[in-house]
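# what's the 3D shape of this:
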Amino acid sequence: MTIYRLKTIQNLPISKSEAWNFLSDPKNLKRITPDYMGFKITSGAEEKMFAGQIIQYIVTPVFGIPTRWVTEITHVDKDNYFVDEQRFGPYELWHHKHFLKTINKGVEMIDIVDYKIPFGILGKIAHPLIVSPKLKEIFEYRKNALIEIFGPYKS
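Down below sits the predicted model:
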């Protein structure tokens, strides 16, 4: 069983509480997700983030095929970190940790995603060809969207 990891780090010129207020509002996910993903929250985004929250989405990550995705916010430490885990969706495992840390003139955001792909050997073959590049592309889009929203970080 192979569990993959994607880790990204981004600095933004805002306070930790500003970053938290933006990231803890599920409605902002659409703003930082590529349009081609067809991202649509179907339920669970009525409130700010809390442990135990279930959020349901429709996404079209590959070949325009709509996919239902259900995540649970499992851990929340206000202004510091939260964890979302897939309960139903395209991955066999999806565990996404979001950390915020105050730095000089801003905030450092660290994302760590541990994930497992279904379909055995086919999933293993698809990982370097489709899944890994697609995830990197999505996180790169998010990075650029956050820069557009908050401006570039200048140390």
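
# name all residues that make contact with the residue nearest the centre of the chain.
Among the residues of the chain, the one closest to the centroid is His96, at 6.7 Å (CA atoms, centre = their mean). Neighbour list for His96: Val83, Asp84, Glu85, Asp111, Ile112, Val113 [criterion: CB atoms under 8 Å, 6 or more residues apart in numbering]. C-beta: built from backbone N, CA, C; applies to glycine.

# Ser43: which of those residues is nearest?
Nearest to Ser43 among these is Asp84, at 15.0 Å by CB to CB.

# who does the closest one form a beta bridge with?
With DSSP bridges applied, Asp84 shows beta-bridge pairing to Ile73, His96.

# so what pLDDT did it get?
At Asp84, the model reports a pLDDT of 98.

# I figured it hits Thr71, correct?
Yes - Asp84 is within contact range of Thr71, at 4.6 Å (criterion: CB atoms under 8 Å).

# overlap of the contact sets of the two?
Ile55, Trp94.

# can I assume Lys134 sits in a strand?
No - counting by DSSP: H, G, I helix; E, B strand; the rest coil, Lys134 falls outside a strand, being helix.

# go ahead and confirm it touches Val59.
No - applying CB under 8 Å as the test, Lys134 and Val59 come out as separate, 11.2 Å apart.

# more neighbours: those two, which one.
Val59 (18 against 15; other CB atoms under 10 Å).
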